[in-house]
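**Q** Sequence and predicted structure, then a few things I'm wondering about:
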There are 2 protein chains.
Amino acid sequence: MLGVLRMIQKKRHIRAFCTSVVGRSIENQIDVEVAKLLALKAKVAEDEAEATGGGGGQKFLLKTPKGTRDYNPQQMALRQGVLDKIVTVFRKHGAESIDTPVFERKEVLTGKYGEDSKLIYDLKDQGGEILSLRYDLTVPLARYLAMSKISSIKRYHIAKVYRRDNPAMTRGRYREFYQCDFDIAGTYDAMIPDAECVKVVSEILSGLDIGDYVIKLNHRMLLDGMFEACGVPADKFRSICSAVDKLDKSPWAEVKREMMEEKGLDESTADQIGEYVQLAGGLELVEKLEKDPKLTAAKSAVSGLEQMKKLLKYCEVLGLTNEIRFDLSLARGLDYYTGVIYEAVLTAMPEMVNGGEVEPVTLGSVAGGGRYDNLVGMFDPKGKQVPCVGVSIGVERIFSLLEAKQAAEGIKIRTTDVEVFVASAHKGLHEQRLKIITELWDGGIKAEHSYKENPKLLVQLQHCEEAGIPFALILGDSELKRGVVKLREVTSRKEEEISRENIAEELSRRLSLLRNGDF
Amino acid sequence: MLGVLRMIQKKRHIRAFCTSVVGRSIENQIDVEVAKLLALKAKVAEDEAEATGGGGGQKFLLKTPKGTRDYNPQQMALRQGVLDKIVTVFRKHGAESIDTPVFERKEVLTGKYGEDSKLIYDLKDQGGEILSLRYDLTVPLARYLAMSKISSIKRYHIAKVYRRDNPAMTRGRYREFYQCDFDIAGTYDAMIPDAECVKVVSEILSGLDIGDYVIKLNHRMLLDGMFEACGVPADKFRSICSAVDKLDKSPWAEVKREMMEEKGLDESTADQIGEYVQLAGGLELVEKLEKDPKLTAAKSAVSGLEQMKKLLKYCEVLGLTNEIRFDLSLARGLDYYTGVIYEAVLTAMPEMVNGGEVEPVTLGSVAGGGRYDNLVGMFDPKGKQVPCVGVSIGVERIFSLLEAKQAAEGIKIRTTDVEVFVASAHKGLHEQRLKIITELWDGGIKAEHSYKENPKLLVQLQHCEEAGIPFALILGDSELKRGVVKLREVTSRKEEEISRENIAEELSRRLSLLRNGDF
């Protein structure tokens, strides 16, 4: 084995030497060897599985993969409620939906995410294409637009994305998580679609009962101009941007240290950046910065300020002034943004009961996005650009928050829609139940019954009460002989006899009365 | 490099030798080496991407991975319509929903799918757990039940699953595809939940406008009894079952050849199986088989027939007699079935226009499932069983069919819900538009406008007609001065003036009239 190890240690040098001589063949060689080692490993795993597995009692860890979770019916009901509200807002703004595969050819994702690229999940090379799980829904959208030659669309996409990040599941950070994206692609006039994205975020967050929030706004051109004005070399703009992005989690001193020690800025440059990133405000701040001679010497800062001014103006017309803040510390980590950037954060956290104790929880960002005008062009064979702007709602954090809130308030959501339970009063009625429930189903009524031939009446009625089913039909021989069945209103426990004939119609009538009374 | 190759060739022998000496360390060694080689390969790929990528014009193939596709808005509208109908049926039967991660620890999937295991997608070993993409929703359900210690649930799960199969995309066979599963888990009386699954499939297929269908039924115990009666050795039951499963695609002669040449049956055994698998019918066939002395000598055949009889009886009560067929050739490929098995096939295909020509298309199976009583026990630490039965709707095939049908009939579905378009009659009105559309959005009206400052009126009105938007509000300075705006009914092109004040209320009123007239 030592021979293999030594060979691997030498591989870099060998590769440097070989590449010039044999071109890609060194890479193929690596492929072949990796495949063989992996096959060997798989075989070992299989042999072990065969030896330990089979016939009752697993020998392995019974869990979901790290950073992932199952959703139980309660969680699904909550999730569906949140997603429905979000979709309603997206569709209110005229968006249509698309879907893309969960994995992409790896090269589609390469070079799009900057420092975060290391978090991409790759699929195993099983012969064929090299694939990766999608990291967001933005890059697949750009690939889709270029591939389908679409030059304008307003679309939403709700789907799971994958990041090999450090999970913090109590705070809603998972390795598999939903994104809800709304994007406007097309060549339009400045800031009109950009402002609509802010409106969409505001409508969604206002409708979700998760407390106060603020939507932070900034502009990549202004950031670049600011970096230029402070003396950052152009080739360091993106990596310094990544450092600024950490300001929402780390103190300035820490970010400054990163800028100087890891990214090689001198202290005076870092300090100048430190001055700017403390600034936040509204239109008045734009106007103040327009008079800053150092900043306005940088062309892109002037353009950025001009666009910010327009965006803030439109936001005012859209009634958003109280919910937005122009914030120079907002940077966003991803490489592909070229214009306005957004991030919504919750400002007041409701108190939550967690394991019996009331504790404040910081949930941070619940939405983010920005303009990315060059991404589609990276995919188009002729480099044709389609300007895009969009936002992504961080629903996992919202789910976590609402879940904790419901637990604290002792709220229990119904997880089924059953309207009628068909019960047996005594033995020997299961075929009668099947006959009646068939009529109910065929009449569009949501109904269930026991899957036991002779269930106990008490057990059946308890199930109705626990599951919140409004009506129970109780079948009994003596009633059936008289052509009637007993109808029980579950909450009041009132019972009356109704005709066996046209039973679906009668129940539909009563259910529609109940619904109208309810709402 | 030759040294490495030789080492790999020798690895199996070394491993056999080392394992006894150093236990698992050989495997860890392999892990370390694989990781290094993969890192090296990734580095090579990255270097190349950097060299070729960036700034316009991609150098790689612009496509989705093999066997996958994007859904455009038209396809999404169709898909959502189909899924909504399916969910309605699931919920009518009282099902609640769950969700599980898209990948599982590989060991969860190992040993569950028989010959199909080779089709599982594995994730790359990037350090940490060994993961695979889910192959179906049944095994994740069983893992969920065991892990959450749930002994009864009626759940549906609609999600994508992954199989490295040969795609046949025109016929709706993809590598990434939706499954819509409905399962009843719990210890109940024989065939009552099993019959409800048939009812669920029947309601869904009847509601989808895809023509006639038949739901084939069989029983694994009857199949096993039949194999026993024909002289198949017990350890070949599953592999002979896989061969029988191919009868829907291959002629008997081909299946017989596989049984004899690949699976080592003698000809007389194969011929006896050949006799049985030609049989199909209803209750009368069960009764005939109950008198077959060869078959009834096998205990499990007797149990299987008894259960089939009960199932057919319940199906009759549920009004399903005309849609079902007891079919001894139905086998289903998967290992985990233990009782009744189902498969729904379309019997009459509508003619479709494909590239201008009318051609009949065979779509085969559109739903399948069965009972799997031992799967949960494979995950439970103490081997505790939770009996389960369920069906899976093959929606991709249904999507393909409906898509072709709509294309043939020239049907175009609306992909957005926009009710009102806010238009400018002339230049300089974009802030006025923003003000009015804000009122509409805040009033819950689905509205859009042009993202250009000064769009041409004709272009705006054309968009309304093409997108099927019912109303257009046309803003003009002279009207605004008089406190009114023009409201245009898009299809009739009728225009009238309405008050600028309370405009959202007025439009809500008109939209609700329109909706009531529509439905």
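**A** Looks like it arrived, so ask away. Model, not experiment: these values are computed from the prediction.

**Q** does the residue in the stretch 301-450 of chain A that chain B sits nearest to sit in a helix, a strand or a coil?
**A** The minimum distance from the stretch 301-450 of chain A to chain B, using C-beta to the nearest C-beta, falls at residue A:383 (3.0 Å). C-beta coordinates here come from the backbone N, C-alpha and C atoms, glycine included. Residue A:383 falls in the coil class when you classify it by DSSP: H, G, I helix; E, B strand; the rest coil.

**Q** That one touches residue A:377, doesn't it?
**A** Yes - counting by C-beta atoms under 8 Å, residue A:383 touches residue A:377, with 4.9 Å between them.

**Q** okay, the two: which has more neighbours?
**A** residue A:377 (19 against 15; other C-beta atoms under 10 Å in any protein chain shown).

**Q** Count the neighbours of the residue nearest to the more buried one when sequence neighbours are not counted for me.
**A** Spatial nearest neighbour of residue A:377, excluding adjacent residues (C-beta to C-beta, 6 or more residues apart in numbering or on different chains): residue A:385 at 4.1 Å. Using other C-beta under 10 Å, residue A:385 has 16 other residues around it.

**Q** give the contact list for residue A:385.
**A** By C-beta atoms under 8 Å, 6 or more residues apart in numbering or on different chains, the residues touching residue A:385 are A:373, A:374, A:376, A:377, B:56.

**Q** now do residue A:180
**A** A:83, A:86, A:90, A:156, A:157, A:158, A:392, A:393, A:395.

**Q** For the second one, what is the enclosing helix or strand?
**A** Spelled out, it's residue A:86. When elements are assigned from DSSP states H and E, residue A:86 belongs to helix A:73-92.

**Q** one step back: which one of the contacts of residue A:385 is nearest residue A:256?
**A** Distance to residue A:256, by C-beta to C-beta, is smallest for residue A:374 among these, at 29.9 Å.

**Q** Surely the closest one is in a helix?
**A** No - using three-state DSSP, the secondary structure at residue A:374 is coil, not a helix.

**Q** For residue A:209, grab the count of nearby residues.
**A** With other C-beta under 10 Å as criterion, residue A:209 counts 12.

**Q** where's the nearest residue to it once chain neighbours are set aside relative to residue A:367, distance?
**A** Once flanking residues are discounted, residue A:209 sits nearest to residue A:402: 7.5 Å by C-beta to C-beta, 6+ apart. Here residue A:402 is placed at a distance of 15 Å from residue A:367 (C-beta to C-beta, to the nearest Å).

**Q** Between the two, which has more neighbouring residues?
**A** residue A:367 (26 against 20).

**Q** Am I right that that one sits in a strand?
**A** Yes - per three-state DSSP, residue A:367 lies within a strand segment.

**Q** which ones are touching it?
**A** Contacts of residue A:367 by C-beta under 8 Å, 6+ apart are A:201, A:204, A:205, A:215, A:342, A:343, A:344, A:391, A:392, A:393, A:394.

**Q** what residues are up against the second one?
**A** Yep, that's residue A:204 we're talking about. A:85, A:86, A:89, A:367, A:393 are the contacts of residue A:204 under C-beta under 8 Å, 6+ apart.

**Q** Find the pair from those residues with maximum spatial separation.
**A** A:85 and A:367 (13.6 Å).

**Q** Show me where chain A dips below the pLDDT cut-off.
**A** Across chain A, residues meeting the criterion (pLDDT under 70) sit at A:1-59, A:348-363, A:518-519.

**Q** Excluding covalently adjacent residues, which one is nearest to residue A:204?
**A** That would be residue A:89: by C-beta to C-beta, 6+ apart, it lies 5.0 Å from residue A:204.

**Q** Please give the number of neighbouring residues around the one you found.
**A** Count around residue A:89 with other C-beta under 10 Å applied: 24.

**Q** And residue A:392, its phi and psi?
**A** With angles defined as degrees, to the nearest 10, residue A:392 sits at phi -130, psi 130.

**Q** How about the contacts made by the residue lying closest to residue A:397 once chain neighbours are set aside?
**A** Spatial nearest neighbour of residue A:397, excluding adjacent residues (C-beta to C-beta, 6+ apart): residue A:172 at 3.8 Å. By C-beta under 8 Å, 6+ apart, the contact list for residue A:172 reads A:363, A:394, A:396, A:397, A:398, A:399, A:400, A:401.
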